[in-house]
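> After the sequence you'll find the predicted model.
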Amino acid sequence: MEARVCVVVGVGPGLGEALARTFSTEGYRVALLSRREQKLAALASELDGVAVACDATDPASIRAALAEVRRRLGPVHTLLWNVGSAVWGDLDTVDEDGMELAWRTNALGLFAAAKAAVADMRAAGEGAIIVTGATASRRGKPLTTAFAAGKAAQRSLCQSLARQLWPEGVHVALMIIDAGVGPRGGDDPGKLDPDHAARTAFYLTQQPRSAWTFELELRPHVERW
């Protein structure tokens, strides 16, 4: 059987890299997407994958990137949306551009990526869209005025996608990260190990259809909640 293609949108040295490594180890062909593909060239080569430039706030860029993945690797089976805005501040310090960036990064970009990838999943009769979310999607605080709004929009979008696409065999799931993410292999008990979170993301893609998870929370055992 031909290897499944996994697209990781938002690849940095933490969770994004861990997701790419985990799915590659499990036999997927991985595509690494970020603004600067040159920074991912070495990792893509190591994993026998591809690096593709992509602006997660620009639907046209997302469509072009997924078309390039399809051309080089084949149809998309799994989409991992690991993108989030780093817009912090309250009503007095966040401007309209910051609010729009939070929405574009967390909601509009995901919408465009799902729209561009779902045809492949429908053709195969299966697929997965796993989204990295945040606790801020459930509660707004002054310093998360833009971030929480973006993540709340993302969470609602995920619910809509799940309720539409689950009956078609596409598993949409949201991982709520309630912690700071540490370095891979770190030993800080208060930080989430990205390798462990990546294993959880992979687990979600392997769940049997009779017991799918939509929303799953991840936090270190010492995290207060």
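Looks like it came in fine.
> for this protein, what helix or strand is lowest in average pLDDT?
strand 180-181 (a mean of 86; mean pLDDT, DSSP states H and E).
> Most distant residue from the centre of this protein?
Residue farthest from the centre of the chain, counting by CA atoms, centre = their mean, is residue 92 at 29.9 Å.
> End to end on stretch 168-183, go ahead and measure it.
Between the opening and closing residues of stretch 168-183 lies a distance of 37 Å (CA to CA, to the nearest Å).
> right, I mislabeled it, should have said stretch 2-16
By CA to CA, the extent of stretch 2-16 from end to end equals 24 Å.
> Kindly report the same for stretch 205-217.
End-to-end distance for stretch 205-217, by CA to CA: 16 Å.
> Same check on stretch 123-143?
Start-to-end span of stretch 123-143 (CA to CA) is 43 Å.
> what about that stretch, distance to the chain center?
Computed by CA atoms, centre = their mean, to the nearest Å, the separation of stretch 123-143 from the middle of its chain amounts to 8 Å.
> what does stretch 101-109 give?
Distance of stretch 101-109 from the chain centroid (CA atoms, centre = their mean) equals 12 Å.
> now it: mean pLDDT?
Mean per-residue pLDDT for stretch 101-109: 95.
> Could I get the contacting residues of residue 104?
Residues in contact with residue 104, defined by CB atoms under 8 Å, 6 or more residues apart in numbering, are 57, 58, 85. All C-beta atoms are positioned from the backbone trio N, CA, C, and that covers glycine.
> Kindly recompute the last result at 10 Å.
By CB atoms under 10 Å, 6 or more residues apart in numbering, the contact list for residue 104 reads 55, 56, 57, 58, 59, 83, 85, 110, 111, 112, 150.
> Any of the residues you listed buried? List them.
55, 56, 57, 59, 83, 85, 110, 111, 112, 150 (16 or more other CB atoms under 10 Å).
> Residue 30 versus residue 140, what's the distance?
When distance is defined by CB to CB, to the nearest Å, residue 140 is 35 Å away from residue 30.
> Looking at those two, which one has more neighbours?
For residue 140 and residue 30, the more surrounded residue by other CB atoms under 10 Å is residue 30, and the numbers stand at 30 against 15.
> Quick check: phi and psi on the more buried one?
Main-chain dihedrals, residue 30, degrees, to the nearest 10: phi -110, psi 140.
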